[in-house]
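Undergrad: return atomic coordinates for the entry below.
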Amino acid sequence: MLPFEKALKTVLDSARRLGSERVDITRAVNRILAEDVKSDIDMPPFDKATRDGYACRRKDLANELTIIETIQAGTSPQRAIEPNQCSKIMTGAAVPQGADCVIMVEFTRAPAAGAGFTKNPTANTVRFIGENTPDHICLKGEDVRAGEVVLHKGNRIRPQHIAVLASVGCTQPVVSKRPRVAVFATGDELVQPASRPGPSQIRNSNVFQLVAQIESMGAVAKNYGIAKDTDDAIDKMFKEAVDESDVVIVSGGVSVGDFDLVPGVFKRNNIDLLFEKVAVKPGKPTVFGVSEKVYCFGLPGNPVSTFVQFELLVKPFLCKLMGHDYKHPVSQIPLGESLRRKNTERQSWIPVVITDAGTLKPVEYHGSAHINALCIADGLVSIGVGVAEIEKGTIVPVRLI
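TA: Now for the predicted structure:
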């Protein structure tokens, strides 16, 4: 059996980047940038007020200030600030020449408010009544300079990145092409979800789970259905999938039983199998192979094994095809109870829940066919090869799912 770390390295080292394409900004979420994005302007493009208030000279804060104009966002100042003058200004508006601070409205008093002003009660003046004030000015280019890289090649585009793309005028970002991933299951016992299973039958859940996992991380999935447990049926569906895909994932038929035919079909189709077993639980009989045209994964038929091996091996691989180094979300959390096991020859992944006390507790888990356990799990905890127990209170990394 290949250690999991070596299996992951083998998978990632085999990935060859796909090509690139331009997409509209409205369709760019979850895509991977294929080139750096630079700003075409300074941001902000002018000295900008960050509060509603009055733009003035700091040296005049102790004096009565004459209001010479009102500057709203989107309009340009018409007058420069001179001694003992100010301009009423709105958040986001351009600061007039001569001003070096903006005093907030909340810390000013108008003439009608009382003492300290000129005798003319209608004078358009204001006084600062605070002790001190920040500048409340975001200087031109303070956030980003023209020509500066704002998003790097390999970044996955998230909603906050869309705002950055829009702010620098990048409405057609260059992104990596998405892998086309074919998925099918093998097994005479399988029926489609819309059918009621007969004696000795079960519904095909793995393919639908895999399609959802693939699409949620930004690749393109196609469900090819179910192949019967014969060489001819699996070979026919495999050939059809290869013709239309960059990656083929087959669920089931990869262990050592009489009808576990997938590895043989891979070999007969000139797929070089790089491994057929991984020292991991669940998911020991995981297969990976490559050819010049396609990458192939054979995943175990039990749904928890399928889910976990997709998360551990397939997802990082698909990201690598798009030029993205996937970093799974991890939290460091103490165990609320000890984790124990008898067989230590493989790395194990245990589904856990985060309790109200902020500790980890294993969920009720009956084995790799018990997919319901993952529905209440917050993450997976790994127990390494040779480790029989992790004691209560130990802070462990949790791979969030």
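Undergrad: quick one: contacts for the residue nearest to Met237 when sequence neighbours are not counted?
TA: With sequence-adjacent residues excluded and distances taken as C-beta to C-beta, 6 or more residues apart in numbering, Met237 is closest to Ala227, at 4.3 Å. The C-beta positions use only the backbone N, C-alpha and C, and glycine is treated the same way. With contact set as C-beta atoms under 8 Å, 6 or more residues apart in numbering, Ala227 has these partners: 184-186, 233-234, 236-238.
Undergrad: for those, work out which two are farthest apart.
TA: Spatial extent of the contacts of Ala227 (C-beta to C-beta) is set by the pair Ala185 and Lys236 at 14.4 Å.
Undergrad: between the two, which has more neighbouring residues?
TA: Shown here are Ala185 and Lys236; by other C-beta atoms under 10 Å, Ala185 has more neighbours (25 against 14).
Undergrad: tabulate the contacts of Ala227 (a markdown table), appending distance to Thr171 and secondary structure.
TA: As requested, the contacts of Ala227 are exported to a markdown table (distance: C-beta to C-beta, whole Å; DSSP: H, G, I helix; E, B strand; the rest coil):
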| residue | distance to Thr171 | secondary structure |
| --- | --- | --- |
| Phe184 | 38 | strand |
| Ala185 | 41 | strand |
| Thr186 | 45 | strand |
| Ala233 | 47 | helix |
| Ile234 | 45 | helix |
| Lys236 | 44 | helix |
| Met237 | 41 | helix |
| Phe238 | 41 | helix |
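Undergrad: restricted to buried residues, select the residues you listed in PyMOL.
TA: In PyMOL syntax, the buried subset of the contacts of Ala227 is picked out as below (16 or more other C-beta atoms under 10 Å):
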select buried, resi 184+185+186+233+234+237+238
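Undergrad: tally of neighbours for Phe208?
TA: 16.
Undergrad: tell me which residues are up against the strand or helix carrying it.
TA: Here Phe208 sits within helix 206-216, counting by DSSP states H and E. Under the contact criterion C-beta under 8 Å, 6+ apart, helix 206-216 has outside partners 181, 183-185, 193, 220-226, 249, 251-252, 299, 301, 303, 306-307, 310-311, 314-315, 318, 371.
Undergrad: do that again at 7 Å, thanks
TA: 181, 183-185, 193, 221, 223, 249, 251, 301, 303, 306-307, 310 (C-beta atoms under 7 Å, 6 or more residues apart in numbering).
Undergrad: could you list which of those residues belong to helices?
TA: 303, 306-307 (DSSP state H).
Undergrad: could you dump those to JSON lines with distance to Lys59?
TA: Compiled in JSON lines, these are given as follows (distance: C-beta to C-beta, whole Å):
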{"residue": "Pro303", "distance to Lys59": "72"}
{"residue": "Thr306", "distance to Lys59": "71"}
{"residue": "Phe307", "distance to Lys59": "66"}
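Undergrad: and of these, the nearest to Tyr295?
TA: Closest approach to Tyr295 among these (C-beta to C-beta): Thr306, at 16.9 Å.
Undergrad: against Ser216, how distant is that closest one?
TA: 15 Å (C-beta to C-beta, to the nearest Å).
Undergrad: and Pro77, how many neighbours?
TA: Neighbours around Pro77, by other C-beta under 10 Å: 21.
Undergrad: list the beta-bridge partners for the residue nearest to Met237.
TA: Thr186 (DSSP bridges).
Undergrad: state the pLDDT value of it.
TA: You'll see Ala227 listed with a pLDDT of 96.
Undergrad: go on, His370?
TA: Note for His370: predicted pLDDT of 85.
Undergrad: next: Pro111.
TA: 70.
Undergrad: does it touch Thr125 like I think?
TA: Yes. Under the criterion of C-beta atoms under 7 Å, Pro111 makes contact with Thr125 at 5.8 Å.
Undergrad: state the mean pLDDT of the one helix or strand Ile333 maps to.
TA: If you go by DSSP H and E, Ile333 is part of strand 330-334. For strand 330-334, mean pLDDT rounds to 96.
Undergrad: with only the CA atoms kept, save it in CSV.
TA: Provided in CSV are the C-alpha atoms of strand 330-334 (Å, rounded to 0.1, in the frame of the first residue of the first chain):
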residue,chain,number,x,y,z
VAL,A,330,-8.3,23.6,9.0
SER,A,331,-9.0,24.6,12.6
GLN,A,332,-7.0,23.6,15.7
ILE,A,333,-9.5,22.4,18.3
PRO,A,334,-9.0,20.2,21.5
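Undergrad: what's the first helix or strand after that strand?
TA: The helix or strand immediately downstream of strand 330-334 is strand 339-340, counting by DSSP H and E.
Undergrad: quick check: mean pLDDT across that next one?
TA: For strand 339-340, mean pLDDT is 93.
Undergrad: next one: stretch 56-67
TA: In this model, stretch 56-67 has a mean pLDDT of 96.
Undergrad: for that stretch, buried residues please.
TA: 56-57, 60-61, 63-67.
Undergrad: what would the residues you listed look like in JSON lines with secondary structure?
TA: Converted to JSON lines, those look like this (DSSP: H, G, I helix; E, B strand; the rest coil):
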{"residue": "Cys56", "secondary structure": "strand"}
{"residue": "Arg57", "secondary structure": "coil"}
{"residue": "Asp60", "secondary structure": "helix"}
{"residue": "Leu61", "secondary structure": "coil"}
{"residue": "Asn63", "secondary structure": "coil"}
{"residue": "Glu64", "secondary structure": "coil"}
{"residue": "Leu65", "secondary structure": "strand"}
{"residue": "Thr66", "secondary structure": "strand"}
{"residue": "Ile67", "secondary structure": "strand"}
